[in-house]
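Q: dropping a prediction and its sequence here:
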Amino acid sequence: MADTSLFERGMATRRAVLGDGHVDKTTARTTALDDAFQTFITEGAWGSVWSRPGLSKRERSMITLALLAGLGHEEEFAMHVRATVNTGATAEDIKELLMHVAIYAGVPAANSAYKIAKHELAQREETAR
């Protein structure tokens, strides 16, 4: 059973970071198979961790990007690169955090992440024109 206040706080943070469009698409695709999982990540990741006061959304974004890149979670990495428009993390931030990924998680992980970041940032620029 969902903790309503934690879920609501999580959903507000999730929307602020990922954008209404992304969250609306995700929730529209939710089925009986993954409804408990969606509640879990909304409450746990977004309601508990991303909503904590200790770090800014920009800092959390950078940490998340580094972890996703280092772990090779390319789809999630791309989604969080797109979310930087809402978190304040910049292309320069991504450049620097991926240098850390290269040292601490390996050059292949950083190389893949650079490719994804370049694509996502170019898409953003093209859309802005």
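A: The structure has been received and is ready for your questions. Residues are numbered from 1 along each chain as shown.

Q: quick check: buried residues in the longest helix along the chain?
A: For the chain, the longest helix by residue count, based on DSSP state H, is helix 107-128. In terms of neighbour count (16 or more other Cβ atoms under 10 Å), helix 107-128 has its buried residues at 109-110, 112-114, 116-117, 120-121. The C-beta positions use only the backbone N, C-alpha and C, and glycine is treated the same way.

Q: for stretch 54-61, same thing?
A: Per 16+ other Cβ under 10 Å, stretch 54-61 contains these buried residues: 57, 60-61.

Q: ok, now stretch 4-12?
A: Buried residues in stretch 4-12, defined by neighbour count with 16+ other Cβ under 10 Å: 6-7, 9-11.

Q: before we move on, what SS does the residue nearest in space to the middle of the chain have?
A: In the chain, the residue lying closest to the centroid (Cα atoms, centre = their mean) is residue 80, at 3.1 Å. Under DSSP: H, G, I helix; E, B strand; the rest coil, the three-state class of residue 80 is helix.

Q: surely it meets residue 68?
A: Yes: Residue 80 lies in contact with residue 68 (Cβ atoms under 8 Å); the separation is 6.1 Å.

Q: what about residue 117, distance to residue 83?
A: 12 Å (Cβ to Cβ, to the nearest Å).

Q: how about residue 45?
A: Going from residue 45 to residue 83 by Cβ to Cβ gives 13 Å.

Q: looking at those two, which one has more neighbours?
A: residue 83 (21 against 16; other Cβ atoms under 10 Å).

Q: list the contacts for that one?
A: Taking Cβ atoms under 8 Å, 6 or more residues apart in numbering as the criterion, residue 83 is in contact with 17-19, 22, 61.
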